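> quick one: sequence plus predicted model below, questions after.
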Amino acid sequence: MKVWKMPVLPVLFLWMAVFSLPAVEADYGALPVKVVLFPFREATLSTQIDGVITKYNFRGGERFKRTDVLLTLDDQKYRNELRRAESLMREATLNVDFMKQKLADNERLYKNDLQSEIEVVRSRFDYSVAVERQSAAMINRDDAALHLLFCTIRAPFDGTVEKLLTREFETVRSGQPVLSIIDDNQLLAVMNLPSRQLTSVYIGMPVTVRVMENDKLVSGDIYEIASRADHRSETFEIKVRIDNRKHLFKAGMSGVLVKIGAGNGQ
């Protein structure tokens, strides 16, 4: 009896074609995707005037509300400048009133042939100059008021002090950074997904991640999708917005992706 035998190489190639491709796809999708938590917003605040720091109202790690006073500068110099500017503005206003009345008197006298035309022209010129000086005095007053306002640095959003960059009683210059703050009431879970999934995700899509430091699951929605994929790693970046009002997580924690799409739980 003759036994038919299939050549070994064709059998091997057929086995690889049937079993290898599904295994690659499954393994590729099962690779852990690393997640890093970042603040939703962060800022380094700087002074807009020269001055001496008198007090920090919040320290590193302390939370604050929007418009809370974070620090103050010595404002005595700027209060004096404001009073001086207000005095000069009042003087300019009195001068405008005087020149206006003088112009009206000279015009009346000119109509009665009791004043020369040149005096009327000069009065009009003096009145115009007085008005311009009043405008300049008002601008100086507003600038002085703004400088006084800059002696107080308020929080632009709810958040946490990350780091104090100067100390109390130190002299700082205009534009010098004084403290850094973060908004950690929301966090952004940043991760890179395979480029092949670019067409399957969208803004607002639910995502679940596991934070490794406390082994907690947390859900959020896709807040931002990179407009360009990285050709070297064949991935693209997404940012998932996470509600952190209970402050269970901190910026800098890491985790792994658990699920993308509906049905993700806490």
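Looks like it arrived, so ask away.
> okay, now the domains of the protein?
The chain breaks down into these domains under automatic domain parsing: 33-41+183-260, 42-74+154-181, 76-149.
> so which residues of the stretch 1-150 of the chain form helices?
8-30, 76-111, 117-149 (DSSP state H, counting those that start in this stretch).
> point out the one among those that comes closest to Phe40.
Closest to Phe40 of the helices of the stretch 1-150 of the chain, according to Cβ to Cβ: helix 117-149, at 27.3 Å. Backbone N, C-alpha and C define where each C-beta goes, glycine included.
> show me what that closest one is packed up against.
Applying 3 or more Cβ pairs under 8 Å, 6 or more residues apart in numbering; DSSP states H and E, one finds that helix 117-149 contacts helix 76-111.
> and the helix it packs on with helix 117-149, angle?
160 degrees (axes from the mean of the first three to the mean of the last three Cα atoms, to 10 degrees).
> and helix 76-111, what does it pack onto?
Against helix 76-111 (3+ Cβ pairs under 8 Å, 6+ apart) you get helix 117-149.
> do that again at 10 Å, thanks
Judged by 3 or more Cβ pairs under 10 Å, 6 or more residues apart in numbering; DSSP states H and E, helix 76-111 is in contact with strand 51-56, helix 117-149.
> what angle separates that helix from strand 51-56?
120 degrees.
> name the residues of whichever strand in the chain runs longest that are buried.
Using DSSP state E to define each element, the chain has its longest strand at strand 177-194. Across strand 177-194, burial judged by 16 or more other Cβ atoms under 10 Å covers 178-179, 181-193.
> over to stretch 147-162?
Across stretch 147-162, burial judged by 16+ other Cβ under 10 Å covers His147, Leu148, Phe150, Cys151, Ile153, Ala155, Phe157, Asp158, Gly159, Thr160, Val161, Glu162.
> re earlier: show me the one of the helices and strands packed on helix 76-111 that comes nearest Leu88.
Closest among these, using Cβ to Cβ: helix 117-149, at 5.0 Å.
> tell me what the helix or strand that that closest one is followed by is packed against?
Remark: after helix 117-149, the chain's next helix or strand is strand 152-154, criterion DSSP states H and E. With contacts defined as 3+ Cβ pairs under 10 Å, 6+ apart, strand 152-154 has these neighbours: strand 34-46, strand 69-73.
> pLDDT of the last one, averaged?
The one in question is strand 69-73. Taken as a whole, strand 69-73 has a mean pLDDT of 97.
> beta-bridge partners for Leu73, please?
Note on Leu73: beta-bridge partners by DSSP bridges are Ile53.
> what segments of the stretch 151-266 of the chain are strands?
In the stretch 151-266 of the chain, the strands defined using DSSP state E, counting those that start in this stretch lie at 152-154, 159-164, 171-172, 177-194, 206-211, 216-225, 235-243, 254-260.
> want to throw these into JSON lines with mean pLDDT and distance to Asp50?
Conversion of those to JSON lines gives the following (pLDDT from 0 to 100; distance: least, Cβ to Cβ, whole Å):
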{"stretch": "strand 152-154", "mean pLDDT": "97", "distance to Asp50": "14"}
{"stretch": "strand 159-164", "mean pLDDT": "96", "distance to Asp50": "19"}
{"stretch": "strand 171-172", "mean pLDDT": "96", "distance to Asp50": "7"}
{"stretch": "strand 177-194", "mean pLDDT": "96", "distance to Asp50": "12"}
{"stretch": "strand 206-211", "mean pLDDT": "96", "distance to Asp50": "44"}
{"stretch": "strand 216-225", "mean pLDDT": "96", "distance to Asp50": "39"}
{"stretch": "strand 235-243", "mean pLDDT": "96", "distance to Asp50": "38"}
{"stretch": "strand 254-260", "mean pLDDT": "94", "distance to Asp50": "42"}
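> could I get the ones you listed as TSV with distance to Gly51?
Formatted as TSV, the strands of the stretch 151-266 of the chain follow (distance: least, Cβ to Cβ, whole Å):
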stretch	distance to Gly51
strand 152-154	11
strand 159-164	16
strand 171-172	6
strand 177-194	10
strand 206-211	42
strand 216-225	38
strand 235-243	37
strand 254-260	40
